[in-house]
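Engineer: Sequence plus the predicted model coming up.
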Amino acid sequence: MLLQQEPQLRELRIFDLHLGPWLEELKTGPVQVTAIQGDVTQAHEVAAAVAGAHVVIHTAGLVDVFGKTSPETIHEVNVQGTRNVIEACVQTGTRFLVYTSSMEVVGPNIKGQPFYRGNENTPYEAVHRHPYPCSKALAEQLVLEANGRKVLGGLPLVTCALRPTGIYGEGHQIMRDFYHQGLRLGGRLFRAIPASVEHGRVYVGNVAWMHVLVARELEHRAALMGGQVYFCYDNSPYKSYEDFNMEFLGPCGLRLVGTRPLLPYWLLVFLAALNVLLQWLLRPLLLYAPLLNPYTLAMANTTFTVSTDKARRHFGYEPPFSWEESRTRTIRWVQAMEGSAQ
Ligand SMILES: NC(=O)c1ccc[n+]([C@@H]2O[C@H](COP(=O)([O-])OP(=O)(O)OC[C@H]3O[C@@H](n4cnc5c(N)ncnc54)[C@H](O)[C@@H]3O)[C@@H](O)[C@H]2O)c1
Ligand SMILES: C[C@@H](CO)CCC[C@@H](C)[C@H]1CC[C@H]2[C@@H]3[C@H](O)C=C4C[C@@H](O)CC[C@]4(C)[C@H]3CC[C@]12C
């Protein structure tokens, strides 16, 4: 999107632990695309990649709420990695830093308190225990506190944090997992979450555009945007997590069984706890990381939706992809997967 939408772009550097062949397709245009294989936990690698950059969009992170990696690793990547990016900007003189934070910096909290159509100023007790939200909250705090620090050359660093809600769209691994789970169950998924529990979702293309816009506007609106947080939002409907997924999985042949949860909540809690025990027992042999665990169950069962226009007011954000377009593009992606699954 940067290559398509940013006329000022002269070089795009992509720094990632895992570089994919898709990057080669980006190198066909007039803008220099530099792919750098590196680890954000290695300060020297980050500094080398950042040196000379006008703006850094820091979106690297370990998105793990399934117990696939240790809390220490999550912290190392999400917190120390972010610290390394900030220090690289300061040491090399890059003045603008955009950070991909998350709704989870706010909630849902460990008390399961709903956040109903809230905004960046809505009072809410952000209390976390899980390593992932803790790491995102710490990283965001580092980024916001770094706003105003002097970088090499003496000018101030300008930082901003974007908080996507649950991102969906092409490449969404969890959607892929649900789809394959439904295929294994004969084209059916079984409702486990009440339809009344709303979960905010945002299309990946709109999240990407918000990042591009902030990267462009941060210099000109530093006084207004510096040190600020913005929820990423669009016109995706408020629905339960499962009902929202069915907007894409339904047209691809899956059916959600039940108008209300088929199992009592206490049984889901027991099954989630059993999954944790199985994960621990099996760890020496294999990685067992199912979708259902105590954290994901609590998340799915707690309303968390945002309703805000701060990004529009501060830097003119309007989601370029309508709900209909976002839905169609995601369905096409699942169908392309379906083709590969058959
Ligand atoms: N997926 C969501 O619903 C969601 C919602 C809100 C915020 N976010 C945030 O968006 C960002 C991108 O997440 P995503 O959902 O696209 O997940 P993703 O796993 O697709 O992207 C994360 C990227 O970070 C890279 N990475 C991981 N460890 C690294 C390391 N040590 N060094 C360098 N690169 C490393 C990965 O290779 C990957 O390309 C993350 O910061 C995440 O916290 C995601
Ligand atoms: C109980 C299961 C039966 O169907 C349903 C489990 C659903 C969970 C796997 C997901 C429910 C809410 C999701 C999270 C939410 O969308 C926001 C997130 C923040 C983001 O930074 C990373 C992803 C995630 C934690 C996302 C992960 C999957 C859920 C827990």
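Structural biologist: It's in. Numbering: from 1, shown residues only. Ligands and ions are numbered 1, 2, ... in the order given.

Engineer: and the stretch 201-342 of the chain, which of its residues are near ligand 1?
Structural biologist: Counting by Cβ under 6 Å from any ligand atom, no residue of the stretch 201-342 of the chain lies close to ligand 1. No exception for glycine: its C-beta is placed from N, CA and C like everyone else's.

Engineer: again but with the stretch 1-150 of the chain, I slipped
Structural biologist: So the stretch 1-150 of the chain meets ligand 1 at 16-18, 39-41, 59-63, 77, 81, 100, 102, 136 (Cβ under 6 Å from any ligand atom).

Engineer: which SS state does the residue of the chain at minimum distance from ligand 1 fall under?
Structural biologist: For the chain and ligand 1, the shortest gap (Cβ to the nearest ligand atom) falls at Gly61, measuring 2.8 Å. The three-state label given to Gly61 by DSSP: H, G, I helix; E, B strand; the rest coil is coil.

Engineer: Is the helix or strand harbouring Arg163 in proximity to ligand 2?
Structural biologist: In this assignment (DSSP states H and E), Arg163 forms part of strand 158-164. No - against ligand 2, strand 158-164 shows no contacts by Cβ under 6 Å from any ligand atom, the least distance being 6.8 Å.

Engineer: Which one (most neighbours) among the residues of the stretch 1-150 of the chain next to ligand 1?
Structural biologist: Lys136 (27 neighbours; other Cβ atoms under 10 Å).

Engineer: Quickly find the element holding that residue.
Structural biologist: Counting by DSSP H and E, Lys136 is part of helix 131-145.

Engineer: mind exporting that helix as CSV, just the C-alpha atoms?
Structural biologist: Taking C-alpha atoms only, helix 131-145 is exported to CSV below (Å, rounded to 0.1, in the frame of the first residue of the first chain):
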residue,chain,number,x,y,z
PRO,A,131,1.9,-12.1,28.5
TYR,A,132,0.6,-10.8,25.2
PRO,A,133,-1.5,-7.9,26.3
CYS,A,134,1.0,-7.1,29.0
SER,A,135,3.7,-6.9,26.4
LYS,A,136,1.7,-4.7,24.0
ALA,A,137,0.8,-2.3,26.9
LEU,A,138,4.4,-2.0,27.9
ALA,A,139,5.6,-1.5,24.4
GLU,A,140,3.0,1.2,23.7
GLN,A,141,3.9,3.0,26.9
LEU,A,142,7.6,3.0,25.8
VAL,A,143,6.6,4.5,22.4
LEU,A,144,4.4,7.2,23.8
GLU,A,145,7.0,8.1,26.5
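
Engineer: what does it contact?
Structural biologist: If you take Cβ atoms under 8 Å, 6 or more residues apart in numbering as the criterion, helix 131-145 is touched by 58, 61-65, 71, 74-75, 77-79, 81-83, 86, 97, 99, 101-102, 104-105, 126, 128, 159-161, 163, 227, 229.

Engineer: just to revisit the earlier point, who does the helix or strand following the strand holding Arg163 touch, helix- and strand-wise?
Structural biologist: Going down the chain from strand 158-164, the next helix or strand is strand 166-168, by DSSP H and E. Where contact means 3 or more Cβ pairs under 8 Å, 6 or more residues apart in numbering; DSSP states H and E, strand 166-168 is packed against strand 201-203, helix 204-217, helix 241-249.

Engineer: Show me the one of these that comes nearest ligand 2.
Structural biologist: Nearest of the helices and strands packed on strand 166-168 (Cβ to the nearest ligand atom): helix 241-249, 4.5 Å.

Engineer: what does that closest one rub up against?
Structural biologist: 166, 168, 175, 178-179, 182, 189, 191-193, 195, 197, 199, 201, 236-237, 239, 254, 256, 300, 327, 330-331, 334.

Engineer: 6 Å - rerun?
Structural biologist: Residues outside helix 241-249 that contact it (Cβ atoms under 6 Å, 6 or more residues apart in numbering) are 178-179, 191, 193, 195, 199, 201, 256, 300, 327, 330-331, 334.

Engineer: just how off-centre is it within its chain?
Structural biologist: 18 Å (Cα atoms, centre = their mean, to the nearest Å).

Engineer: quick one: is the helix or strand following that helix near ligand 2?
Structural biologist: Next helix or strand after helix 241-249 toward the C-terminus (DSSP H and E): strand 255-257. No - using Cβ under 6 Å from any ligand atom, we find that strand 255-257 stays clear of ligand 2, coming within 9.5 Å at best.

Engineer: Could you give me the buried positions within strand 255-257?
Structural biologist: For strand 255-257, a neighbour-count test (16 or more other Cβ atoms under 10 Å) marks Leu256 as buried.

Engineer: before we move on, back to that, quick one: average pLDDT of the strand holding Arg163?
Structural biologist: Strand 158-164 carries an average pLDDT of 98.

Engineer: What parts of the stretch 1-150 of the chain come near ligand 2?
Structural biologist: Counting by Cβ under 6 Å from any ligand atom, the stretch 1-150 of the chain sits next to ligand 2 at Val63, Val65, Ser102, Met103, Glu104.

Engineer: Alright, that wraps it up for me.
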